[in-house]
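S.K.: With the sequence up front, the predicted model follows.
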Amino acid sequence: MSSIPTAPGKVGFPQAYGPSQTYQHVQQFNQFAHQNVAIPNNGSSTHTANPFPFPSATTSQQPVKSSLSSQVPNGGNNHQYNQSAPNYGAASGPFAPTTVLPQQPIPSFPTAPHPTLNGYPVPNSTIPATTATTPFSVQQLTSVPNSSQPLIPSALSSARPAPFPTSQPSSASIPTSSYQQQMTPRSQGSTGYPPAPPVLQTGFPAPQQTVYSSSQQFTSSNTSQPQIQNMNQQFDRMNMGGAPGAQQQVSGFRSDIIDLIAERNVQQLGFDDIPVQIPQQVAEPNAHIDPNIFRSTLVQVPQTEELLKKSRLPFAITLHPFRDVKNLNIIQCSNIVRCRYCRTYINPYVYLPDHRHWKCNLCNRNNDLPDDFCWDPVAKAFGDPRNRPETQNATVEFIAPSEYMLRPPQPAVYVFVLDISASAIQSGYLYTLSEQLLINVDQMPGDDRAQICFIAVDQCLHFFSFSSSKRYPSEMIVDDIDYAFVPSVTSLLVPLKKFKDTIRSFIKQLPDFYSQISPTSNGNCLGSALKLAQGMIQEIGGRVSIFQVSLPNVGLGALKSREESTDGGQNLGPATDFYKALSLECTGAQICLDLFMFNTQYADLATLSEVAKFSTGCVYHFPNYNYRNDIHQVKRFERTLTRYLTRKLGFEAVLRIRTSRGLALTGFYGNFFVRSPDLLALANVNPDSALAAQVTIEEKLPQYVCFQSALLYTSSKGDRRIRVHTMCLPTTGDLLQLYNNFDLKATVSYLAKIGVERSMTGSALADSREALVNAVVDSVGAYQKAVSRGSGMLVPRSGHLRLFPSYVLALLKHSAFSSGRGIRLDERAGAMLMMRSSPLDQILADIYPRLYRLNELATMPEDQSPSPLPLSFEHISRGGVYLMITGTIAFVYVASSADPGFLVNVFGTSIYNDIDEYSLLERDNDLSRRVHSFFKKVTQFRFYLGPIITIKEHSPLRDVFVRRLVDDRSESTHSYVEFLQHLKREISGN
């Protein structure tokens, strides 16, 4: 037994998330020790600027971020690198916006040093290992049939990934004889995951390869001289440039490359997630992280920074740290196993050389396993450490011991700040708020310590004192808002359980209390109310929910209307620093600020949203809200508020993201406070918020890399928990593999967040639009230069690059980035704020809607569903009924010549004019039930989606439906075909 402690004793909260402790190296594991451990680089990074010119979060949050040194890479590395990757030509870089930092010169195309096949190096897989050093000749290709037209392998066969990684462990982790006696072989049938496929590329069969035995002879008699001449002539006829013959080259490889100009409907090729191949030598190679939680823009990571620059692809990660997880593995143990050096939590991607030790997958250093880690309490015997839930699942949650607490767990504290100005009373939002709060007040997270408080604001401050002996609370009004103070009573913030009946009576009568406009209803002193709310719960922490309709115009943080001076979104930044400073103070006190906005007139949402940015809050915008006239917004508010009140909640949280050696996180985008280069402070954490982080490569990477996020939070029940997500990605030295493994979902989410961050911190909206276009021009242009083909819009069939232009066009037409001047400033700000904090599935649904033909359900088998259609009106027929799912609205478009039988079953009438906006109800027939079942299927878990709105051909809302057909041309935007032509000209002109 080792005398070195298996874990530091009494690991406190600062140690758990502070600098790594120093330990003596494990001396008894010489067979696993590093021969040359790299010295951590404490100096500045030498890599060049990222090709995407957005400012990093450290720049945009400079006034609030502590100035710390750059992240120190963890540990040493002894992986063998792939030195035989083909060297492809680099893409030229004149596409970046004018704000991009200077970059190093990008090399031009080198001359191929060896024979090529259609512009690529000859694949080594077709050459026997015994003759690999001999010159390439036809004599070696014994599998070529004797014909006048020999078979030519695909030009992209070299782009297909080799099986990664090898099934044999590296030399640093070869087990000893004792390990071979101790470890039992892994059962292939014990897991529910399918076996790993023999190839890495999805959707394509494995390339046929000729297997040669060691005794097989290769003589010149196998191939005649005319065949040799015929093959040489074919090589000579191959044109590698854009000269005549390019179309022949593209058509020759139509299975691997498509031309977007010729292929109109790229959506039919699918949008499935790209599978990740995990190395077999890790503890559990079948463990995969949910891509909705942790995702990278590149499913295969480039091994060097130079290769990333050649590809011109963005490299970032998206993280949804507190997402609702089914069957979450919750672990309670006295000793949480972590790496001694980099503090990484044990996970499925570590190396387990034996039952007593493990090798960290981030810093590559050896650690001891505690004695009780392998103990099985059920069998009462020591078992295989690979059967532990920590090494079986990429997402786990630990119940942390008391060492992870700085103070006793805080209770759930809820403060509601309500606008009762004249505009608020006219909107009627208090009716919906009162109704839903009354229904869900008992389901709000918290234990017996939960507390609640209400503050109303107009031109004065209204406080409510609760008493168990009175049915209704006492109202206290403070009119000196410039020097306001909290009334000296102790019953403003009261226990929710103890005063349950009084609180429910107050909520029920709340709309009646303020149903009439009072003389003090002309103003709004929100800033003063928030300052007092902060003082009330500063020693505890909690959540402040703000419901606003009008512009705060009196008291602290008073604002003035500035919508008239808008010019292309120039007023998207804050007008004052008051709300930003308040947000920072609340973050330090573990107070979160959430904002609900119901304005019908300008309310400067861009400035008010600063309260949520650094306090990890959320912003929900309901424009033109009216309780009596706008049923859609009312229903949407009901669903959103219900989700908001009842969802899981974590208090006083911190989030750290660790990366493998050679990678660094250089920018964060979302709602949080950056405490250090890899540590984020979150006053509250909820399952509906996500973030993105930009990744840079600082040194050459091994065969695979890992990212691990650890979220330490206090649950609403009062216990301290740690939720850990770990993602493992392979690396590649092949340029074309980067394009085949380009993930569009993560890319769109990342570009949307970084574009919003730039636009709301002082940059012009036109700069963000230009950067989005340049992202497509750079990536597609670099791919075309890499394959050296044609002058069209060539993209690989595999991967998501073929969909990149379509989604960027949709992003440019979205109200957040649209150049149209008809968009109100608050609506634009609301759309941007949604993108800044929302997870990628909500962003994608709002950017690129889904369109289905509903009347196909009448003739389809029960086990089939309609497929999504391209977002163009040319796919809308006069006899169809169509369902469109957007981010916040669901439309059903009914054409005038629709089948009367379908209308009777689904809408209850065959008369077209009798169909109204809300006549789509579930009726007592099979077709209606099937339609609504399909609707529930495609809208599952979308709490932010309002009810279905039915639109006819002459409906006033028809223009709203048509505007979401992003592939069509509008008055100020391109169609999809025109956008492709524009991209083609940009690529050809550079």
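M.R.: Looks like it came in fine. It should be emphasised that the depicted structure is a prediction, and the values quoted were computed from it without experimental measurement.
S.K.: burial measure for residue 519, as a count.
M.R.: Neighbours of residue 519 under the rule other Cβ atoms under 10 Å: 7. Where C-beta positions appear, they are placed from N, C-alpha and C, glycine not excepted.
S.K.: In this protein, which helix is the longest?
M.R.: Secondary structure of the chain per DSSP state H: the longest helix is helix 765-787.
S.K.: so how far is that one off the chain centroid?
M.R.: Computed by Cα atoms, centre = their mean, to the nearest Å, the chain-centroid distance of helix 765-787 equals 21 Å.
S.K.: Kindly report the same for stretch 929-941.
M.R.: 25 Å.
S.K.: go on, stretch 356-373?
M.R.: 31 Å.
S.K.: low-scoring stretches of the stretch 201-350 of the chain, by residue?
M.R.: Scanning the stretch 201-350 of the chain for pLDDT under 70 picks out the ranges 201-255.
S.K.: cutoff 80 now
M.R.: Scanning the stretch 201-350 of the chain for pLDDT under 80 picks out 201-255, 264-265, 267-270.
S.K.: Sort out which residues of the longest helix of the chain are buried, please.
M.R.: Within helix 765-787, the residues scored as buried using 16 or more other Cβ atoms under 10 Å are 765, 767-787.
S.K.: do stretch 383-402 as well
M.R.: Applying 16+ other Cβ under 10 Å to stretch 383-402 flags 384-386, 388, 390-398, 400 as buried.
S.K.: Over to stretch 462-473?
M.R.: So, applying 16+ other Cβ under 10 Å, buried residues of stretch 462-473: 462, 463, 464, 466, 473.
S.K.: what's the answer for stretch 903-917, then?
M.R.: Applying 16+ other Cβ under 10 Å to stretch 903-917 flags 903, 904, 905, 906, 907, 912, 915, 917 as buried.
S.K.: Bridged to the residue nearest in space to the middle of the chain, which residues?
M.R.: The chain has residue 318 as the residue nearest its centroid, 3.6 Å off, counting by Cα atoms, centre = their mean. In this entry, residue 318 is beta-bridged to residue 295, residue 692, by DSSP bridges.
S.K.: For it, give me its contacts.
M.R.: When contacts are counted by Cβ atoms under 8 Å, 6 or more residues apart in numbering, residue 318 is found next to 294, 295, 296, 690, 691, 692, 746, 749, 750, 839, 840.
S.K.: For burial, what's the neighbour tally of residue 830?
M.R.: For residue 830, using other Cβ under 10 Å, the count is 22.
S.K.: And residue 714, by the same measure?
M.R.: Residue 714 is flanked by 27 other residues according to other Cβ under 10 Å.
S.K.: how does the chain divide into domains?
M.R.: 225-271+742-844+973-990, 413-648, 849-965 (automatic domain parsing).
S.K.: Distance of the residue nearest to the centre of the chain relative to residue 832?
M.R.: Separation of residue 318 from residue 832 (Cβ to Cβ, to the nearest Å) stands at 17 Å.
S.K.: would TSV of the buried residues of stretch 462-473 with pLDDT, distance to residue 542 and secondary structure be doable?
M.R.: Compiled in TSV, the buried residues of stretch 462-473 are given as follows (pLDDT from 0 to 100; distance: Cβ to Cβ, whole Å; DSSP: H, G, I helix; E, B strand; the rest coil):
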residue	pLDDT	distance to residue 542	secondary structure
462	93	20	strand
463	93	17	strand
464	93	17	strand
466	90	17	coil
473	88	19	coil
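S.K.: Among these, which pair sits farthest apart?
M.R.: Across the buried residues of stretch 462-473, no pair lies farther apart than 462 and 466, at 13.8 Å, counting by Cβ to Cβ.
S.K.: The nearest residue to residue 398 once chain neighbours are set aside sits in which helix or strand?
M.R.: Excluding its sequence neighbours, the residue lying closest to residue 398 (Cβ to Cβ, 6 or more residues apart in numbering) is residue 722, at 4.4 Å. Assigned by DSSP states H and E, residue 722 belongs to strand 720-732.
S.K.: partners of that strand in the sheet?
M.R.: Strand 720-732 has the following strand partners under DSSP bridges: strand 301-302 (parallel), strand 395-399 (antiparallel), strand 704-715 (antiparallel).
S.K.: The buried residues of stretch 903-917 into a markdown table, with extra columns for secondary structure, pLDDT and distance to residue 513?
M.R.: As requested, these are exported to a markdown table (DSSP: H, G, I helix; E, B strand; the rest coil; pLDDT from 0 to 100; distance: Cβ to Cβ, whole Å):
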| residue | secondary structure | pLDDT | distance to residue 513 |
| --- | --- | --- | --- |
| 903 | helix | 91 | 46 |
| 904 | helix | 91 | 47 |
| 905 | helix | 90 | 47 |
| 906 | helix | 91 | 43 |
| 907 | helix | 90 | 41 |
| 912 | helix | 88 | 46 |
| 915 | coil | 88 | 40 |
| 917 | coil | 81 | 33 |
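S.K.: ok, so of those, who is nearest residue 987?
M.R.: residue 917 (44.7 Å).
S.K.: Quick check: residue 333 vs residue 763, distance?
M.R.: 49 Å.
S.K.: ok, now residue 348?
M.R.: As judged by Cβ to Cβ, residue 348 and residue 763 stand 41 Å apart.
S.K.: Out of the contacts of residue 318, which two sit at the greatest distance?
M.R.: Farthest pair in the contacts of residue 318, by Cβ to Cβ: 296 and 839, 15.1 Å.
S.K.: Identify the residues contacting the nearest residue to residue 325 once chain neighbours are set aside.
M.R.: Among residues not flanking residue 325 along the chain, residue 395 sits closest, at 6.1 Å (Cβ to Cβ, 6+ apart). By Cβ under 8 Å, 6+ apart, the contact set of residue 395 is 289, 290, 293, 325, 328, 329, 723, 724, 725, 726.
S.K.: Show me what residue 395 is bridged to.
M.R.: Residue 395 forms beta bridges with residue 725, as assigned by DSSP bridges.
S.K.: Cross-check the contact I'm expecting between residue 440 and residue 642.
M.R.: Yes: at 5.9 Å, residue 440 counts as touching residue 642 under the criterion of Cβ atoms under 8 Å.
S.K.: Excluding chain neighbours, what is closest to residue 798?
M.R.: residue 740 is the one closest to residue 798 (Cβ to Cβ, 6+ apart), at 4.6 Å.
S.K.: right, I mislabeled it, should have said residue 257
M.R.: Closest residue in space to residue 257, ignoring its immediate chain neighbours: residue 794 at 5.4 Å, by Cβ to Cβ, 6+ apart.
S.K.: Thank you, goodbye.
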